[in-house]
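Undergrad: could you work out the structure for the sequence below:
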Amino acid sequence: VTHAKRALYTVEMQYALTIKVSEAELDKDYLPDIKILGSIYAGLVTINKESAIIRLVHYITQEYF
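TA: This is a model prediction of the structure:
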């Protein structure tokens, strides 16, 4: 999220979190539910429900990372 060149959609984050280096294929059974994405990032991100875009909560967070 901090180094993305554009806004990321929640589905992109779901797939990113599902990737396992040791696996050749993606197991869609391990896709995290959109509802828990916010809790995974411990309040550092917010999810716009209308656009399904995930972003940092505050610009200071972007500057820190």
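
Undergrad: what residues does stretch 12-27 touch?
TA: With contact meaning CB atoms under 8 Å, 6 or more residues apart in numbering, stretch 12-27 is reached by Val1, Lys28, Tyr30, Leu31, Pro32, Ile34, Leu37, Ile40, Ile54. For every residue, glycine as well, the C-beta is placed using N, CA and C.

Undergrad: and for stretch 49-60?
TA: Residues contacting stretch 49-60 (CB under 8 Å, 6+ apart): 1-2, 7-11, 13, 34, 37, 43-48, 62.

Undergrad: helix, strand, or coil at Asp29?
TA: Under DSSP: H, G, I helix; E, B strand; the rest coil, the three-state class of Asp29 is helix.

Undergrad: ok, it to Gly43 distance?
TA: According to CB to CB, to the nearest Å, Asp29 and Gly43 sit 27 Å apart.

Undergrad: those two: which has the busier surroundings?
TA: When neighbours are counted by other CB atoms under 10 Å, Asp29 and Gly43 differ, and Gly43 comes out ahead with 9 against 6.
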